Every structure is written in structure tokens, then in C-alpha cells.
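Enquirer: Give me coordinates for this.
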Amino acid sequence: MKSRKELIITGDRVLIRPDETHGRTESGLYLPDGVKEKEKANGGTVVKTGPGYLLSEAGSGEYPWQSGENRFRYIPLDAQEGDYAIYLRNDAVEIDYEGKKYLIVPYRSVLALIRTQLVSTD
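Expert: The predicted structure is shown next:
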């Protein structure tokens, strides 16, 4: 029997693969770490998102985890897999998962999303 691991992002968080070319100028020069550290915002590709903001069951009179039923409801996030996110660097938490560097960013720290949409050229 094989086991399979899955990285699950919880709540209102976004898993981002940071843009590795961010420290390079348009002419191809690499900037030292000291210069990159002074920047407040960075960019990267959204890999996965959490389910969103948890909503309470108003008027139920009990907590969802006490009833035995899974009645959790969420307000979904705007971010989608494949979007390019610009986020506040100081709020990101760096992790290493299966040998790759990722950042977990709270959704409140995502400043903008760039979504590429395919358009028909008919």
C-alpha cells in the first residue's frame, strides 16, 4: 500500500511559488540580496489557495464542530491557481516542501492578481 502526501492550505491563505527572476534587472543583471530585501512587495505564481474566509452558521445555536456535521461554509478567495500575485513580502512565511521553495501568504497581504485569459482570435 502506497501513501500519498498532499499539502493542504487552510483558511484565507495562498501558497505562492516566488518569482525567481525578481532579483534581475531588464538587462539581465542580478541584484544583491540587500537590494531585494529593501523592497516591500514581491511577486510569484499562485500554486494553491485555502478555502477562504470561514462563515459561522448564524442562528444555529451551536458550534458546527459540536453537532457532528460538517456544515462549514466559506467565502472563497479571488486568487486562482496560475494567477500571478503581488504580495507584501514581510507577511510571507517561507517553507520548503519536497525540495521546492514556497511562500504561504495571508490573503490580506495579496495586493493584486494578474490573470492570463486565453482569447479567441476568430
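Enquirer: where do the helices sit along this protein?
Expert: For the chain, helices defined by DSSP state H occupy the ranges 33-37, 64-67.
Enquirer: ok, now which ones touch the residue lying closest to Val93 once chain neighbours are set aside?
Expert: Excluding its sequence neighbours, the residue lying closest to Val93 (Cβ to Cβ, 6 or more residues apart in numbering) is Ile104, at 4.7 Å. Placement of C-beta: from N, CA and C, glycine included. Counting by Cβ atoms under 8 Å, 6 or more residues apart in numbering, Ile104 touches 9, 13-16, 92-93, 95.
Enquirer: Please spell out the ChimeraX selection for the buried subset of those residues.
Expert: Those of the contacts of Ile104 that count as buried under 16 or more other Cβ atoms under 10 Å are selected in ChimeraX with:
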select :9,13,14,15,16,92
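Enquirer: What average pLDDT does stretch 90-106 get?
Expert: The average of the pLDDT scores along stretch 90-106 is 95.
Enquirer: whoops, I mixed them up, stretch 110-122
Expert: Regarding stretch 110-122, the rounded mean pLDDT is 86.
Enquirer: can you redo the contacts of Ile104 as TSV with distance to Leu111?
Expert: Shown next, in TSV, are the contacts of Ile104 (distance: Cβ to Cβ, whole Å):
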residue	distance to Leu111
Ile9	19
Arg13	15
Val14	12
Leu15	17
Ile16	12
Ala92	12
Val93	17
Ile95	21
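Enquirer: For Gln80, state which of the contacts of Ile104 is nearest.
Expert: Relative to Gln80, the closest of the contacts of Ile104 is Val14; by Cβ to Cβ it sits at 10.0 Å.
Enquirer: Who does that closest one form a beta bridge with?
Expert: Beta-bridge pairing for Val14 (DSSP bridges): Thr49, Val105.
Enquirer: wait, isn't it in contact with Val105?
Expert: Yes. Using Cβ atoms under 8 Å, Val14 is in contact with Val105, at 5.0 Å.
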